[in-house]
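Undergrad: Build me a model:
(one chain, ligands or ions: 2)
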Amino acid sequence: VNPKPDASTASTDEGEALLATALRQRGGRVTPQRLVIRRVVGELGRHVTAEEVHAAVSERLPNVSLPTVYSTLELLEELGEVRKVHAGGDAVLYDPRPDDHHHLVCKSCGRVEDLDAAVDAAPALRRARRTGFSAERASLVVTGLCRDCARRKR
Ligand SMILES: [Zn+2]
Ligand SMILES: [Zn+2]
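TA: Ligands and ions are numbered 1, 2, ... in the order given. Purely as a prediction, here's the structure:
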């Protein structure tokens, strides 16, 4: 039995209550680390590496290890709480914005910014499924130079 969070007591903790419910439904334990890690990703408010999350979390919970941060971020991604962004190269970034959007990646300084644009990914997904690929979603990464780097090059 999963008691639903009471909608009448909407508060700033509502997101965490929903996350706690999602974790429980998945059979996972609701540990303080998990909630703190989710909160920190939201507070950082940008695309961050697991190492950056770990550094910020360590200020509050000194005993959290990097592997714990990694596995928690993976779990949060499965739950749709954060999103993983492959920004080119080996860099994997975690995005506090889980909704569908695209990214601009600067190939000079590595800056990653959100790009809100309507892109019709349906043909690509259809094509992928036709090859037997279980496609989940598609997003666009636009590479180039950010405004600052482009200006510096001039
Ligand atoms: Zn740049
Ligand atoms: Zn993003």
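Undergrad: Okay, now the unreliable bits of this protein?
TA: Low-confidence segments of the chain, defined by pLDDT under 70: 1-12, 30, 89.
Undergrad: can you count the residues close to Leu104?
TA: For Leu104, the number of neighbouring residues by other CB atoms under 10 Å comes to 18. (Glycine included, C-beta is placed from N, CA and C.)
Undergrad: Contact partners for it?
TA: If a contact means CB atoms under 8 Å, 6 or more residues apart in numbering, then Leu104 has 111-115, 141-144, 146 as its contacts.
Undergrad: Just say helix, strand or coil for it.
TA: Each residue gets one of three states, and Leu104 gets strand by DSSP: H, G, I helix; E, B strand; the rest coil.
Undergrad: Distance check, it against Arg152.
TA: Distance check for Leu104 against Arg152: by CB to CB, to the nearest Å, it reads 17 Å.
Undergrad: for Thr21, same thing?
TA: From Thr21 over to Arg152 the distance is 48 Å, taken as CB to CB.
Undergrad: ok, now Glu14?
TA: Distance, Glu14 to Arg152, by CB to CB: 44 Å.
Undergrad: go on, Glu16?
TA: As for Glu16, its distance to Arg152 is 42 Å (criterion: CB to CB).
Undergrad: Same drill for those two, tell me which one is more crowded.
TA: Regarding Glu16 and Arg152, a neighbour count based on other CB under 10 Å identifies Glu16 as having more, with 17 against 11.
Undergrad: can you tell me which residues contact the more buried one?
TA: In this structure, Glu16 makes contact with 35, 38-39, judged by CB under 8 Å, 6+ apart.
Undergrad: Just to be sure, it is in a helix?
TA: Yes. The secondary structure assignment for Glu16 places it in a helix, going by three-state DSSP.
Undergrad: Three-state assignment for the closest residue to Glu77 other than its chain neighbours, please.
TA: Leaving out its chain neighbours, the residue that sits closest to Glu77 by CB to CB, 6 or more residues apart in numbering is Lys84, at 5.2 Å. In three-state terms, and counting by three-state DSSP, Lys84 is strand.
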